[in-house]
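Participant: coordinates for the following, if possible.
(one chain, ligands or ions: 2)
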Amino acid sequence: MKIKSGAQYMESLRRLRPVIYYKGERIHDVTRHPATVPHVRAASLTYALSTQEEYRDLATATSHLTGRTINRFTHVHQSPEDLIKKIKLLRVLGQKTGSCFQRCVGLDGINATYSVTYEIDQKHGTDYFERFKRWLTYIQEENLMVAGAMTDPKGDRSKGPEEQADPDQYVHVVERKADGIIVRGAKLHITGAVNSHEILAMPTVALGENARDYAVIFAVPIDAPGVTLIFGRQANDDRRDRGERIDAGTPSFGAVGGEAMVIFDDVFVPAERVFMDGQTEFSNPIVYRFAAHHRANYGACKTGLMDVLIGAVTYLAQVQGTARSSHVREKITEMIHLCETLYSSSVACSVEGWPTPSGAYMVDTMLANVCKQNVTRFHFEVARLAVDLAGGLLATLPSEHDLHHQEVGPLVRKYVRAVEGIPPEHRVKLMRLIEAMTGGTALVESMHGAGSPQAQRIMIFREGKLEEKIRLAKALLRIPRDGPP
Ligand code: SF4
Ligand code: FE
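Facilitator: Numbers count the residues shown, from 1 in each chain. Ligands and ions are numbered 1, 2, ... in the order given. Okay, here's the model as predicted:
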């Protein structure tokens with residue numbers, strides 16, 4: 001692993017020259033810009049943890065390609081134990097950042113592409129798997145952060161990629177050359193894109209035979225010519241951009257992942273970085289496997305966030321003098337219950353992992369979809385209870401400028417002070433943290449990240465084994481198995 005520490009990761013980002021826009025201006029250094037540095041810091045913990053004895057077993061793995069120690073975020077899962085370690089690692093990182101640390105998307109892209117390229121080669125005699133292994137070895141050796149890029153803009157959703165008035169609504173190959181391909185289009189909502197080293201792009205929907213040019217998987221450095229990144233706005237970003245350390249929620253990290261629109265404007269991809277080109281029948285497995293891996297993660301990273309939120313609410317109750325009240329204890333109990341229920345499904349889909357023909361392990365896809373579906377409800381319920389317990393001051397609290405103001409500062413302190421002996425700043429900081437973790441962009445991520453709820457429901461229905469369940473009912477009722485439906 002060439003990049004060993006969080007500091008080295010930041011240093012490596014400073015050597016890249018990506019084109020990044022934010023609020024109409026270029027960002028030249030993501031490690032120093034106030035909009036991006038919180039996300040850089042969160043991602044840097046994926047490096048830092050691997051150097052700490054306490055977390056080394058979770059944060060590193062042995063590469064099945066080289067036998068060397070690598071960062072787990074570049075590893076192809078070789079067993080259910082690997083899947084479990086990943087889940088545990090994500091929860092720890094969620095606890096330490098209170099935010100999205102972004103690197104899992106690339107990890108999931110790596111795992112999905114690994115198993116799918118193997119199967120493409122088995123069927124078509126291509127050499128995508130060997131190309132991918134060479135690229136992955138480079139990623140592992142260098143310890144690079146990869147942004148998984150799946151979601152296309154999709155244009156008119158009643159039409160497929162090849163039927164769009166604007167063919168660029170889905171990333172596609174515009175030209176094939178002897179030494180590579182040229183791609184055009186965009187990927188939206190790409191987590192961690194501006195502070196990754198590489199982008200791994202995959203199709204976002206199952207494709208028909210007429211959509212060959214859209215069936216493309218490839219990797220490019222984030223500063224490849226023709227790649228433009230447009231960093232999205234988030235709730236509270238003005239507070240953060242002005243350097244407000246209390247009002248932004250937390251002094252070091254963001255509340256969400258830091259997403260960007262990634263535009264490929266006739267980007268040349270050398271052949272050795274093309275991992276699928278035209279094999280439309282494999283677009284469904286790549287989407288399905290990537291989505292399942294990422295959905296499995298949500299019961300871990302989000303429970304890490306909920307741990308922080310539950311801790312904040314519990315301490316706030318102590319600060320406000322409500323900790324002994326039975327309804328407060330009851331609501332905190334409910335928050336813990338929902339949080340641990342989510343975690344159980346992440347663990348369950350990992351324990352039930354299965355080997356693909358390539359040897360890479362997949363999570364149980366039904367349980368992974370159930371996990372993410374529950375996140376879209378339970379995280380909201382946990383947030384609702386947190387807001388309930390925090391009280392109305394959450395919405396009316398004066399700013400940190402007033403808190404620190406020479407004249408009104410003492411008055412703000414006097415009237416936000418609650419239980420004797422606890423500094424009023426603690427209450428203010430807790431309120432701001434809870435505000436950041438329950439409002440604005442944070443919960444949208446839980447709803448739509450890793451796919452919107454309906455995407456999970458489609459898969460849950462599809463994998464529901466209804467025929468088998470009908471047979472069970474028929475058997476109990478002694479209705480002939482092959483009788484009328
Ligand atoms: Fe990882 Fe969670 Fe962020 Fe997805 S939302 S990248 S699983 S931390
Ligand atoms: Fe996400």
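Participant: quick one: the helices in the stretch 151-300 of the chain, in order.
Facilitator: With DSSP state H, counting those that start in this stretch, the ranges of helices along the stretch 151-300 of the chain come out as 237-241, 283-320.
Participant: any chance of the ones you listed in TSV with distance to ligand 1, mean neighbour count and mean pLDDT as columns?
Facilitator: All C-beta atoms are positioned from the backbone trio N, CA, C, and that covers glycine. Compiled in TSV, those are given as follows (distance: least, Cβ to the nearest ligand atom, whole Å; neighbours: other Cβ atoms under 10 Å; pLDDT from 0 to 100):
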stretch	distance to ligand 1	mean neighbour count	mean pLDDT
helix 237-241	18	18	92
helix 283-320	3	24	97
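Participant: write out the residues of this structure neighbouring ligand 1.
Facilitator: The chain comes close to ligand 1 at residues 100-102, 104-105, 191, 257, 297-298, 301, 449, as judged by Cβ under 6 Å from any ligand atom.
Participant: which of the residues you listed has the weakest pLDDT?
Facilitator: For those, the model is least confident at residue 257; its pLDDT is 84.
Participant: list the contacts of the closest residue to it other than its chain neighbours.
Facilitator: Spatial nearest neighbour of residue 257, chain neighbours left out: residue 100 (3.4 Å); criterion: Cβ to Cβ, 6 or more residues apart in numbering. The contact partners of residue 100, taken as Cβ atoms under 8 Å, 6 or more residues apart in numbering, are 39, 42, 191-192, 254, 256-258, 301, 445, 449.
Participant: surely residue 100 is in a helix?
Facilitator: No - residue state for residue 100 (DSSP: H, G, I helix; E, B strand; the rest coil) corresponds to coil; a helix is not indicated.
Participant: can you give me the strands for the protein?
Facilitator: Counting by DSSP state E, the chain forms strands over residues 19-22, 25-27, 60-62, 69-71, 146-149, 172-177, 180-191, 198-201, 216-221, 227-231, 259-270, 274-277, 354-355, 361-362, given from the N-terminal end onward.
Participant: just name the most buried of those strands.
Facilitator: Mean neighbour counts were taken over the strands of the chain using mean count of other Cβ atoms under 10 Å, and the top value, a mean of 28, falls to strand 146-149.
Participant: in the protein, where is pLDDT below threshold?
Facilitator: Counting by pLDDT under 70, the ranges of the chain that qualify are 483-485.
Participant: roughly how far apart are residue 133 and ligand 1?
Facilitator: With distances taken as Cβ to the nearest ligand atom, to the nearest Å, residue 133 is found 24 Å from ligand 1.
Participant: need the contact list for the closest residue to residue 351 other than its chain neighbours.
Facilitator: Using Cβ to Cβ, 6+ apart and skipping the chain neighbours, the partner closest in space to residue 351 is residue 80 (5.5 Å). The neighbourhood of residue 80, defined by Cβ under 8 Å, 6+ apart, consists of 350-353, 361.
Participant: one more: residue 394?
Facilitator: Under the contact definition (Cβ under 8 Å, 6+ apart), the residues listed for residue 394 are 387, 431, 434-435.
Participant: farthest-apart pair in the residues you listed, please.
Facilitator: For these, with distances taken as Cβ to Cβ, the pair at the greatest spread is 387 and 431 (10.7 Å).
Participant: those two: which has the busier surroundings?
Facilitator: For residue 387 versus residue 431, the count of surrounding residues by other Cβ atoms under 10 Å is larger for residue 431: 23 against 17.
Participant: surely the more buried one and residue 395 touch.
Facilitator: No - if you go by Cβ atoms under 8 Å, residue 431 and residue 395 don't touch, sitting 9.4 Å apart.
Participant: quick one: the helices in the stretch 1-150 of the chain?
Facilitator: 6-14, 37-48, 56-59, 80-97, 104-124, 128-142.
Participant: look at residue 373 and say how many residues are nearby.
Facilitator: Counted with other Cβ under 10 Å, residue 373 comes out at 21.
Participant: thought residue 452 was touching it, still the case?
Facilitator: No - under the criterion of Cβ under 8 Å, residue 373 makes no contact with residue 452, lying 10.3 Å away.
Participant: which one of the strands of the chain lies closest to residue 47?
Facilitator: Put simply, out of these the one that sits nearest residue 47 is strand 69-71, at 7.0 Å, with distance taken as Cβ to Cβ.
Participant: list the strands paired with the closest one, with their directions.
Facilitator: Partner strands and pairing direction for strand 69-71 (DSSP bridges) are strand 60-62 (antiparallel).
Participant: quick one: distance of the strand it pairs with to the chain centre.
Facilitator: Here strand 60-62 is found 21 Å from its chain centre; the criterion is Cα atoms, centre = their mean, to the nearest Å.
Participant: so what's the closest residue to residue 13 other than its chain neighbours up against?
Facilitator: Counting by Cβ to Cβ, 6+ apart, the nearest residue to residue 13 once its immediate chain neighbours are dropped is residue 31, at 5.4 Å. Shown here is residue 31, whose contacts under the criterion Cβ under 8 Å, 6+ apart are 10, 13-14, 37, 40, 195.
Participant: again, only using 7 Å
Facilitator: Shown in contact with residue 31 (Cβ atoms under 7 Å, 6 or more residues apart in numbering): 10, 13-14, 37, 40.
Participant: and which of these is nearest ligand 1?
Facilitator: Distance to ligand 1 across the contacts of residue 31 (Cβ to the nearest ligand atom) is lowest for residue 40, with 14.0 Å.
Participant: residues near the closest one, how many?
Facilitator: Under the neighbour criterion other Cβ under 10 Å, residue 40 is assigned a count of 25.
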